[in-house]
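Student: predicted coordinates and the sequence they were generated for:
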Amino acid sequence: MQTNSTQFGERLSLPDIWQRKALNCLRQGDDVVLHAPTGAGKTYVFEQLIDSGWKGRAVYTVPTRALANDKFREWKERGWEVGLVTGDLRFRSDARIIVATLETQRNVLGSGKGPDLFVVDEYQMLGDLRRGPGYEVTLAIAPNRVRLLLMSGSVANSLEVADWLRSHGRKVSLVTEGKRPVPLEEVFAEALLRRPFQGRRIRGHWPKLIHAALNANLGPLLVFAPRRKAAEELAWQLAAELPEVDSLELTTEQKKVGGKELVSLLKRRVAYHHSGLDYIKRAGLVEPLAKTGQLQVVVATTGLAAGINFSMRSVLVTDREYRTDEGVFLLRPDELLQMFGRAGRRGLDDRGYIIVAPKQARMADARPLKLKRSYTLDWPALIRIMGDAVVKNENHVAAARWLAQRLFSEQEVHLGFRNSLSDFIKLKNSKKESEKAVVEESDERDHVIEMRNSIGLWERRGGKLQAKLGDALVLKKGEWVSALTLPDTLSKVQAGNPCRFGKRKNPTYGRELPLAVYDQDSSGSWVTLIKSFRNKLREAVRAEEPKIRKKFSRKKWRRDGLEEILREFFPRVSTGGELDCFIDRGKVLGARLRYESATVLAWRDARGKILLNPPLRKTTRVYDSPFRDISDSKNADSLQNLTAAEAWFELGLIDEKAKPTMRGTVFSCFSRGEGLAIAAALEDQNYPIKELVLDLVNLRAGHRFVSFSQSESRLAIVCRETFGFRDCSGYLRAGLPLEYGEGAAEIIRDESIIKSQNHPDYELSAGDWERVKVEWRSLLSLIANGIELPFHRWSALQDEALHILGGKGISVELPSLPEMPVRQKERFRN
């Protein structure tokens, strides 16, 4: 894309040779696999096709909602007829151009429908462990009449991808461009720091280096930090240490959206960017300002590597380590390639710069990824195609094999139907007979309830006993802690508001009860009891003598000595709270209550610990025999050594004829392991649908909310009762879906706890909860708009999901973002 200026000062963009080649291939009806460096102008090919008068219907897919929202707004501003479809939102889905996340389009393509052109931006996602199987199947089932445009800048074997598509009977053109339009250069940190320095002293290694880079005219600068907290701290440090520049002037609407803290950063032309930043601040302020180059420095986590195209001249990677739900990892070479590709904006910079810090990544460490299929299969897609074949009275095994043969693999993908499944079923049946001989017709007397005790072991649960709340323990982050160190323990006490005794690091929570207001004319010596407290007091003395009842029906009381007069009644009016002290809150007199001596019903474990809410399970007593042979039994906790068909049978997804069961059919409506959990929960007839639909929020919550969990949720218990503590690549870890996380279900029931609690997880941000709610609503939308099944609990779940979504099944409204004034639409030059 050559950008020239006409004699009238207008900017004229002309396609490069490789861009023209890709355009011509699309116009003549070919599929195109397009490989070019990040920032070279791959999206420009699609934009030129639309602007040149192409009349077809197109769907442009991207990996993330953030990218989808960004492209939608960009093309809407260009005047295109464009719609947006993501998991949680469907806006103008009948428009000629649709921007979407890929997973939303799989069922459309699988039904034989689809647009004239299907674009997959960042198709290297084919190799992703979690989402790769979905990408692979979507491309495998796309009808040949649908033209494909695949684009990436970090795939080393794009020819193999083109050959794979050709094996489906497609006519595919491969267009590659290895040269960056804006060359990259390395600049070593030591060289920058040796430059002469004038001005006040700057503290900190990174602020010194970044100041030196800006001084050398290497800004704007994109800094990658390994963790969110590190990104925020560095941004604040830079705002404090860097010399002042012309302040960024924000509109009133932008200030309102940003809030005091973010606005103070933006005025210094510094910002941070990560998934914890809520959508309106991220998409309405940081991203548009960074795209136009109004910010000097943006400190981002690695998630931005494949994200928005910011206007940055230089890139600095501070650390190659990053954290996910699974642990801490090193950045891959292709991820580094995408990060470095953010340096240098075409049309603005002649050259981009990679600032190399000591012992950190260099350009030689960045290279394209040799793409290969994820070692997991898209089980839901395979089982769904088998179910469709059964309905059509076709060969369901042949249907699954047909799809398996179209996957991105040099070798044939074996599903294990022919011999292994029948042998596996025979082995399973023989084991069942053996177990039946050992356990003869167990009845209800053989069922026992077990609880997880204070050291994490399962033991038989006894009866409840009365205990002091101060002695009771509850689960927090998998560990038993004193119940009163968590404010939620007293959340059901209908008296006052939470209050804290002691320091934040070692708190004890109680309640603060407003009980009276000071009389204005008495100089603080008389108070009038609040009506609600007076009513509770009357109820507490109802059984007393008339004289006492009359005494405590008074409204006005002398302030002096009131503590001792009322002390004995506080346990009765506050569900066991004992008076610690009175406290003045302006004109209101309150009482701070402690609950260490309050009586609760709990269980005592074998070690003498009092447990409020231990995880429970129902088990059957097995009367083991010394003659039982278990030497040939497989690892019960893993499905890794089984073929796909064997694993499906073991999990109850198919029957002995390899036909999908109802559990398998429900599972096939979802992606990854969440369908297993939902199917298991629906089979539990005692699991209320209204409770289940709220617990579903845990399925995509991840690790960040576990500290809000008081115990293992019912959904987790049901899932593990059904599937055990098994591991299954891509679907289960210790019997739970990979993205499952405790704690979110507690918040969805009472969002005030995330707002009021002084939370110990300092990395938890507003954007985290916003993301989980979006994922939850996306899941509910998938359920509400799912297929009809002859299963009353599935229908009830669909109805409840539709009710929560407001009867629409999906959101059709876009959040409004602040408008950007003209002065903010050009790169800032210091």
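Tutor: All right, it came through fine.
Student: gap between the host helix or strand of residue 536 and the chain center?
Tutor: Following DSSP states H and E, one finds residue 536 within helix 531-540. Helix 531-540 sits 46 Å away from the centroid of its parent chain (Cα atoms, centre = their mean, to the nearest Å).
Student: for that helix, output the C-alpha coordinates as CSV.
Tutor: Provided in CSV are the C-alpha atoms of helix 531-540 (Å, rounded to 0.1, in the frame of the first residue of the first chain):
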residue,chain,number,x,y,z
LYS,A,531,-38.0,2.7,64.5
SER,A,532,-36.5,-0.5,63.1
PHE,A,533,-34.4,-1.0,66.2
ARG,A,534,-37.3,-0.1,68.5
ASN,A,535,-39.5,-2.7,66.9
LYS,A,536,-36.8,-5.4,67.3
LEU,A,537,-36.3,-4.3,70.9
ARG,A,538,-40.1,-4.6,71.6
GLU,A,539,-40.0,-8.1,70.1
ALA,A,540,-37.1,-9.1,72.3
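Student: that one: what's the following helix or strand?
Tutor: Past helix 531-540, the next helix or strand by DSSP H and E is helix 546-551.
Student: ok so, going back, now the helix holding residue 536: buried residues?
Tutor: Buried positions in helix 531-540, judged by neighbour count with 16 or more other Cβ atoms under 10 Å: 533-534, 536-537, 540. C-betas here are computed from N, CA, C, even on glycine.
Student: could I get those as JSON lines with distance to residue 695?
Tutor: JSON lines is the format used below for the buried residues of helix 531-540 (distance: Cβ to Cβ, whole Å):
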{"residue": "533", "distance to residue 695": "37"}
{"residue": "534", "distance to residue 695": "40"}
{"residue": "536", "distance to residue 695": "34"}
{"residue": "537", "distance to residue 695": "40"}
{"residue": "540", "distance to residue 695": "38"}
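Student: run through the residues that contact the closest residue to residue 731 other than its chain neighbours.
Tutor: Ranked by Cβ to Cβ, 6 or more residues apart in numbering and with sequence neighbours excluded, the top spatial neighbour of residue 731 is residue 673, at 3.9 Å. Counting by Cβ atoms under 8 Å, 6 or more residues apart in numbering, residue 673 makes contact with 728, 730-732, 736-740.
Student: could you redo the last one with a cut-off of 10 Å?
Tutor: Taking Cβ atoms under 10 Å, 6 or more residues apart in numbering as the contact definition, residue 673 lies against 130, 379-380, 667, 699, 719, 723, 728, 730-733, 735-740.
Student: then residue 829?
Tutor: Residue 829 makes contact with 217, 219-220, 246, 293, according to Cβ under 10 Å, 6+ apart.
Student: which element is it on?
Tutor: Applying DSSP H and E, one finds residue 829 in no helix or strand.
Student: could you do residue 118 as well?
Tutor: Take DSSP H and E as the rule and residue 118 turns out to sit in strand 117-121.
Student: and that strand, how far from the chain's centre?
Tutor: 25 Å.
Student: stretch 356-369 too?
Tutor: Centroid separation for stretch 356-369 versus its chain: 29 Å, with Cα atoms, centre = their mean.
Student: and stretch 514-522, by the same measure?
Tutor: Offset of stretch 514-522 from its chain centre (Cα atoms, centre = their mean): 49 Å.
Student: what of stretch 398-417?
Tutor: Centroid displacement of stretch 398-417 relative to its chain, using Cα atoms, centre = their mean, is 31 Å.
Student: pull out the buried residues from that stretch.
Tutor: Residues of stretch 398-417 classed as buried under the neighbour-count rule (16+ other Cβ under 10 Å) are 399-401, 403-404, 406-408, 413, 415-417.
Student: which of those residues fall within helices?
Tutor: 399-401, 403-404 (DSSP state H).
Student: with distance to residue 680 and pLDDT added, can I get those in a markdown table?
Tutor: A markdown table is the format used below for these (distance: Cβ to Cβ, whole Å; pLDDT from 0 to 100):
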| residue | distance to residue 680 | pLDDT |
| --- | --- | --- |
| 399 | 26 | 94 |
| 400 | 23 | 94 |
| 401 | 28 | 93 |
| 403 | 25 | 94 |
| 404 | 26 | 92 |
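Student: need the max-distance pair from these.
Tutor: 399 and 404 (9.8 Å; Cβ to Cβ).
Student: just give the closest residue to residue 293, not the sequence neighbours.
Tutor: Excluding the flanking residues, the one nearest residue 293 by Cβ to Cβ, 6+ apart is residue 827, at 2.9 Å.
Student: now do the contacts for the one you found.
Tutor: 219-220, 291-295, 311-313, 345, 348-349.
Student: from those, which one has the minimum pLDDT?
Tutor: Within these, residue 311 has the lowest pLDDT, namely 77.
Student: residue ranges with poor pLDDT in the stretch 651-800 of the chain?
Tutor: For the stretch 651-800 of the chain, the stretches flagged by pLDDT under 70 are 755-763.
Student: strands of that one, residue ranges please.
Tutor: 732-733, 736-737 (DSSP state E, counting those that start in this stretch).
Student: any idea which of the ones you listed is most buried?
Tutor: strand 736-737 (a mean of 24; mean count of other Cβ atoms under 10 Å).
Student: direction included, what does that strand pair against?
Tutor: strand 732-733 (antiparallel) (DSSP bridges).
Student: which positions in stretch 170-183 come out as buried?
Tutor: For stretch 170-183, burial by neighbour count (16+ other Cβ under 10 Å) applies to 170, 172-175, 177, 180-182.
Student: what do residue 399 and residue 404 both touch?
Tutor: Joint contacts of residue 399 and residue 404 (Cβ under 10 Å, 6+ apart) are 382, 385.
Student: what about the closest residue to residue 302 other than its chain neighbours, distance to residue 236?
Tutor: Among residues not flanking residue 302 along the chain, residue 322 sits closest, at 4.7 Å (Cβ to Cβ, 6+ apart). The spacing between residue 322 and residue 236, counted by Cβ to Cβ, to the nearest Å, is 20 Å.
Student: ditto for residue 179
Tutor: 39 Å.
Student: ok, now residue 153?
Tutor: With Cβ to Cβ as the criterion, residue 153 and residue 236 are 33 Å apart.
Student: just residue 474 next, same as before
Tutor: As for residue 474, its distance to residue 236 is 35 Å (criterion: Cβ to Cβ).
Student: looking at the two, which is more packed in?
Tutor: Neighbour count, other Cβ atoms under 10 Å: between residue 474 and residue 236, residue 474 has more, with 22 against 17.
Student: what about that one, which SS state?
Tutor: Assigned state for residue 474: strand (three-state reduction, DSSP: H, G, I helix; E, B strand; the rest coil).
Student: please name the residues that touch it.
Tutor: So residue 474 contacts 480-486, 488-489, 602, 611-614, 709-711 (Cβ under 10 Å, 6+ apart).
Student: for residue 25, same thing?
Tutor: 31-34, 45, 147, 149, 171-175.
Student: next one: the host helix or strand of it to chain centre, how far?
Tutor: Residue 25 is located in helix 17-27, with elements delineated by DSSP H and E. Computed by Cα atoms, centre = their mean, the separation of helix 17-27 from the middle of its chain amounts to 38 Å.
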